[in-house]
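Q: I would like the atomic coordinates for the input below:
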Amino acid sequence: MQNIRAIIFDLGGVILDISFELTKVAFEQLGIEHFEKMYSLKDANPLFQKLEEGKVSEEEFYESFRRSCGKNLSDEEIRDSWNSLLLEYRTGTLNALKNLRKKYKLYLLSNTNTIHWQAFTKIFDRQIKDGSLNEFFDNAYYSFEIGLRKPDLPAYEYVLKENNLNPAETLFIDDSLQNIEAAKQLGLQVIHLTSGMRIEQLEL
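A: Below is the predicted model of the structure:
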């Protein structure tokens, strides 16, 4: 890595601990088998993609989910199962971001949706108790707000253009290999943050 001026971070699995297994188990307890075929770190069916791109409302998502699974579940049951993948913020990473911001421009680019956004905002308020997640970055971009999601190249191009960033001088950090591979296509420098790795352990 050379001549880094800006860093773009993913959220889940990088700054916020997540567990898809917990959501899978939660939905299985509601009688929905093979939830991983509907949503995983690598892929999402059209309904979940539309939710992450802000193309369906929460109410439309819940109703479509009920139809697709054939279960008469309440909004709350779906919401709570869907949110169960969200765990705790990595406080060591948040502290590292404060120091990194003295050296680099920092940005957040997250595939997420309004349901999860509300949930991880509450987790931040409960766990950190001061300020907001967005304050750690120069700009934060959520897929449901910008209508674009990784690994589609326009999502990265949106952040680069909005902030006049040179890809060759920009580092992208994500826990998803397919998101990393997409960023490389645009000439960004990359770090694939695998299980057990932490931002604060990197020599940035």
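Q: residue furthest from the geometric center of this structure?
A: Going by CA atoms, centre = their mean, the residue of the chain most distant from its centre is Asn72, 28.7 Å out.
Q: Check for me that that one belongs to a strand.
A: No. Counting by DSSP: H, G, I helix; E, B strand; the rest coil, Asn72 is not part of a strand but coil.
Q: What values do phi and psi take at it?
A: Dihedral pair for Asn72: phi -90, psi 70, per degrees, to the nearest 10.
Q: what does the model give it for pLDDT?
A: As predicted, Asn72 sits at a pLDDT of 90.
Q: Quick check: which helices or strands does whichever helix in the chain runs longest pack against?
A: Ordering each helix of the chain by length in residues (DSSP state H) puts helix 114-127 first. Helices and strands touching helix 114-127, by 3 or more CB pairs under 8 Å, 6 or more residues apart in numbering; DSSP states H and E, are helix 58-69, helix 75-83, strand 86-89. The way it works is simple: take the backbone N, C-alpha and C, and place the C-beta from them, glycine included.
Q: circling back: close enough to count as contact, the residue farthest from the centre of the chain and Arg66?
A: Yes. Assessed by CB atoms under 8 Å, Asn72 is found in contact with Arg66 at 6.7 Å.
Q: residue ranges for the strands of this protein, please.
A: Assigned strands in the chain, in chain order: 6-9, 16-18, 86-89, 105-110, 139-142, 170-174, 189-192 (criterion: DSSP state E).
Q: Look at Glu135 and say how many residues are nearby.
A: Neighbourhood size, Glu135 [other CB atoms under 10 Å]: 11.
Q: er, His116 I mean
A: Residues near His116, counting by other CB under 10 Å: 24.
Q: any idea how far Pro167 is from it?
A: Distance from His116 to Pro167, counting by CB to CB, to the nearest Å: 28 Å.
Q: Using the record's assignment, carve the protein into domains.
A: Partitioning the chain according to automatic domain parsing yields domains covering residues 6-17+88-201, 20-83.
Q: next one: the shortest one to chain centre, how far?
A: Centroid separation for domain 20-83 versus its chain: 16 Å, with CA atoms, centre = their mean, to the nearest Å.
Q: Any chance of the strands of the chain in TSV with distance to Pro46, mean pLDDT and mean neighbour count as columns?
A: Converted to TSV, the strands of the chain look like this (distance: least, CB to CB, whole Å; pLDDT from 0 to 100; neighbours: other CB atoms under 10 Å):
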stretch	distance to Pro46	mean pLDDT	mean neighbour count
strand 6-9	26	98	23
strand 16-18	22	97	19
strand 86-89	23	98	17
strand 105-110	20	98	22
strand 139-142	19	98	18
strand 170-174	22	98	24
strand 189-192	27	97	18
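Q: among these, which is nearest Asp130?
A: Minimum separation from Asp130 across those (CB to CB) falls at strand 86-89, 12.3 Å.
Q: what packs against that closest one?
A: strand 16-18, helix 114-127.
Q: Need the winner for burial among these.
A: strand 16-18 (a mean of 19; mean count of other CB atoms under 10 Å).
Q: Leaving out chain neighbours, which residue sits closest to Glu53?
A: Leaving aside its chain neighbours, Glu53 sits nearest to Gly147 (5.2 Å; criterion: CB to CB, 6 or more residues apart in numbering).
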